[in-house]
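[1] Okay, sequence plus prediction incoming.
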2 protein chains.
Amino acid sequence: MQPLYEKVKKKITESLVQGEWSPGEAIPSETELANVYDVSQGTVRKAIDELSAESILIRRQGKGTYVATHNEENIQLRFLRLTSNFGLKEKLDNQLVSFSKEKATNKLAKILNINPASTIISLKRVLTFNEKPLILDLIKIPAQSFRGVTAEMVVEKKGSMYRMYESDFGVRMLRADEKIRAINANFESASLLNVKENTSLLSVERISYTYENKPLEWRLGLCVTDDHYYRSELD
Amino acid sequence: MQPLYEKVKKKITESLVQGEWSPGEAIPSETELANVYDVSQGTVRKAIDELSAESILIRRQGKGTYVATHNEENIQLRFLRLTSNFGLKEKLDNQLVSFSKEKATNKLAKILNINPASTIISLKRVLTFNEKPLILDLIKIPAQSFRGVTAEMVVEKKGSMYRMYESDFGVRMLRADEKIRAINANFESASLLNVKENTSLLSVERISYTYENKPLEWRLGLCVTDDHYYRSELD
DNA sequence: GAGTGGTCTAGACCACGGC
DNA sequence: CCGTGGTCTAGACCACTCA
């Protein structure tokens, strides 16, 4: 038998998926939800505790519980773990290199769990910090889930893809898995990142997931780690 | 005012630091602890919930709550995040390259929060997977906290440093911070790892912490990422 | 069957935010 | 002042483990 609070958690998650409550908005109070679902307030609390631990909901004492959003200033970079060696605050900029539609390869179709040869959006861009090229990103997303996306929209959002996914397509990325390797820059990446060929680059391959572990973005980032490092916390 | 369960959590942590309950052992039941600390069982539960979420304690339904240990099979590698590209299970081996005592540099003294120029143990080793060199580790630990450690002990433990820390010195590492970069192999690392000079290597700089965020190990690992990658989960 | 952690409830009071 | 989430309690019952 499934615990009651797990059922409540699922119901709340469903409402979130349905867009019943929007990012940034408050959800009903614990007592209200307890009445709606006909359980005790403590049970709702336990469900919200877990969603809050997963950063899906945000509690604010005295105010209420809010749907997490990526539209706030400090969440612009979402999954970016690169930090300056000197701890400086940096000016982020973004140049779109290419934008196209293409057919998914079998490998990509499998990763994104879509039909083989379905249409995907593929884009390449360079992120600069303080005018210096730092990351070359190759991003692939299924066209089906992002209908009507254009190069102009990407440029306008200044590189905050996750903000665009959320505000324009109602797609909230909740978690991501990354595979990290060290590789040598080839001709293209070297010239775009303004480094010598064969320079060591950090290769970060990322799959991002929305609700219910549905993968919706594949991304390969090549990073110059002369003045930056990738943070990782283990426990 | 500090919540009651936070106080209980601190008391439990103190007992753990004092070694009152050893790794692998069960701690007193929730009701017993509630009597000892003169709080309700629910309050003890909340304290243990958090320690359990931090993997400091392990709950086992019907049996009791146990002190986490690193002596079990699957925890041998503790903080190692490298995975084979092919998902294979691999045979780990370990060669000690050097072992020495030296004076801490100012930088290291600051990182480990010890007096400048205090004695530290410095060791270098190569980890091989399926006979192939994979990681070159440089490890530095304060001699003060690991009195009597010898090269023989390290060799005998077959590279499981964290297991040795725990079983021989009562030091349990709870978490670690890592800084990851891509670098080029120099002459020494290239020859020890059996790759060409200037090959790209993953540089993983790690600081490990025991109870109360006390740093007790600094480590630099250089990894060959041809057939392996570093896993990272973001949320 | 006894003892443990796991779930669920109901109710009291506290701390914070905002009107 | 009210409504919110945060803490704390007490007690009931369930699920699991082991002798």
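    Right, received. Where do you want to start? Residues are numbered from 1 along each chain as shown, chains lettered A, B, ... in the order given.
[2] Please count neighbours and contacts with C-alpha atoms only from this point.
    Fine.
[3] Check whether the residue nearest the centre of chain A sits in a helix, strand or coil.
    In chain A, the C-alpha nearest the mean C-alpha coordinate belongs to A:M173, at 4.3 Å (Cα atoms, centre = their mean). Counting by DSSP: H, G, I helix; E, B strand; the rest coil, the backbone at A:M173 sits in coil.
[4] likewise A:L108?
    What three-state DSSP gives for A:L108 is helix.
[5] gap between it and A:T150?
    Distance check for A:L108 against A:T150: by Cα to Cα, to the nearest Å, it reads 21 Å.
[6] of these two, who's got more company?
    Using other Cα atoms under 10 Å in any protein chain shown as the criterion, A:L108 and A:T150 rank with A:L108 on top: 20 against 12.
[7] quick one: which helix or strand includes the residue in chain A positioned nearest to DNA strand D?
    Closest to DNA strand D within chain A is A:G62: 3.0 Å, counting by Cα to the nearest atom of the strand. Following DSSP states H and E, there is no helix or strand that holds A:G62.
[8] so how many other residues sit close to it?
    Around A:G62 there are 6 residues (other Cα under 10 Å).
[9] And A:S191, by the same measure?
    Neighbours of A:S191 (other Cα under 10 Å): 12.
[10] just A:K132 next, same as before
    The burial count for A:K132: 14, using other Cα under 10 Å.
[11] With adjacent residues omitted, what lies nearest to A:V17?
    A:Y211 (7.0 Å; Cα to Cα, 6 or more residues apart in numbering or on different chains).
[12] How many residues are close by the one you found?
    Neighbours around A:Y211, by other Cα under 10 Å: 16.
[13] before we move on, what about the one 5 residues further on?
    Counted by other Cα under 10 Å, the residues lying close to A:L216 total 21.
[14] That one is in what secondary structure piece?
    A:L216 is part of strand A:214-223 when elements are defined by DSSP H and E.
[15] quick check, distance from the helix or strand following that strand to the centre of its chain.
    Under the assignment DSSP H and E, the closest C-terminal helix or strand after strand A:214-223 is strand A:228-234. Offset of strand A:228-234 from its chain centre (Cα atoms, centre = their mean, to the nearest Å): 17 Å.
[16] Contacts made by strand A:228-234 with the rest, please.
    Outside strand A:228-234, the residues within contact range by Cα atoms under 8 Å, 6 or more residues apart in numbering or on different chains are A:81-85, B:79, B:175-181, B:232.
[17] Buried ones in it, by neighbour count?
    A:H228, A:Y229, A:Y230, A:R231, A:S232 (16 or more other Cα atoms under 10 Å in any protein chain shown).
[18] Hey, what's the angle from that strand to strand B:228-234? Just curious.
    Put simply, strand A:228-234 runs at 70 degrees to strand B:228-234, going by axes from the mean of the first three to the mean of the last three Cα atoms, to 10 degrees.
[19] how big is the angle separating strand A:228-234 from strand A:214-223?
    Going by the same axes, to 10 degrees, strand A:228-234 makes 140 degrees with strand A:214-223.
[20] I'd like the average pLDDT over strand A:228-234.
    Averaged over strand A:228-234, pLDDT sits at 94.
[21] Paired strands for it, with orientation please.
    Note on strand A:228-234: by DSSP bridges, its sheet partners are strand A:82-84 (antiparallel), strand B:175-184 (antiparallel).
[22] can you tell which of these is closest to DNA strand C?
    strand B:175-184 (22.3 Å).
[23] residues in contact with that closest one?
    A:181-183, A:199-202, A:224-226, A:228-235, B:79, B:197-210.
[24] Now list the buried members of those residues.
    Buried among those (16+ other Cα under 10 Å): A:181-183, A:199-202, A:224-225, A:228-232, B:79, B:198-210.
[25] Now the residue of chain A found nearest DNA strand C. Nearest residue, chain neighbours left out?
    Nearest residue of chain A to DNA strand C: A:L4, at 2.9 Å (Cα to the nearest atom of the strand). Leaving aside its chain neighbours, A:L4 sits nearest to A:T43 (7.3 Å; criterion: Cα to Cα, 6+ apart).
[26] Strands of chain A, start to end?
    Remark: strands assigned in chain A by DSSP state E are A:26-27, A:57-60, A:64-67, A:82-84, A:92-103, A:119-129, A:132-142, A:175-184, A:200-210, A:214-223, A:228-234.
[27] give me phi/psi at the closest residue in space to A:K110 that isn't next to it in sequence?
    Excluding the flanking residues, the one nearest A:K110 by Cα to Cα, 6+ apart is A:P116, at 7.6 Å. Per-residue torsions, A:P116: phi -60, psi 140 (degrees, to the nearest 10).
[28] what does A:N186 give?
    phi -90, psi -170.
[29] List the contacts of it.
    Counting by Cα under 8 Å, 6+ apart, A:N186 touches A:E197, A:N198.
[30] what's the pLDDT at it?
    At A:N186, the model reports a pLDDT of 95.
[31] do the same with A:T13
    So, for A:T13, pLDDT stands at 93.
[32] Give me the distance between it and chain B.
    Distance, A:T13 to chain B, using Cα to the nearest Cα, to the nearest Å: 16 Å.
[33] how many other residues sit next to that residue?
    Other residues close to A:T13 by other Cα under 10 Å number 17.
[34] could you measure it against A:R59, distance?
    In terms of Cα to Cα, A:T13 sits 16 Å off from A:R59.
[35] Same question for A:T43.
    16 Å.
[36] List the residues that contact A:L202.
    A:I180, A:R181, A:A182, A:I183, A:G221, A:L222, A:C223, A:V224, A:T225, B:R181, B:A182, B:L202.
[37] what is it paired to in the beta sheet?
    A:A182, A:C223.
[38] any idea how far B:L138 is from it?
    Computed with Cα to Cα, the distance linking A:L202 and B:L138 is 21 Å.
[39] And A:T83, by the same measure?
    Distance of A:T83 to B:L138, given as Cα to Cα: 23 Å.
[40] Does A:E197 touch A:A185 like I think?
    Yes. Taking contacts as Cα atoms under 8 Å, A:E197 lies within contact range of A:A185: 5.3 Å.
[41] burial of the residue nearest to A:L4, as a residue count?
    Residues near A:T43, counting by other Cα under 10 Å, number 19.
[42] Tell me the pLDDT of A:M173.
    Looking at A:M173, its pLDDT reads 90.
[43] To clarify, my last question referred to A:V155.
    In this model, A:V155 is scored at 88, pLDDT.
[44] Skipping adjacent residues, who's closest to it in space?
    Counting by Cα to Cα, 6+ apart, the residue nearest A:V155 is A:L96, at 6.8 Å.
[45] same question, A:F86
    Distance criterion Cα to Cα, 6+ apart; nearest residue to A:F86, sequence neighbours excluded, is A:D227 at 7.8 Å.
[46] Would you mind measuring from the residue nearest to A:V17 to A:R219?
    18 Å.
[47] Same question for A:E32.
    Separation of A:E32 from A:R219 (Cα to Cα) stands at 41 Å.
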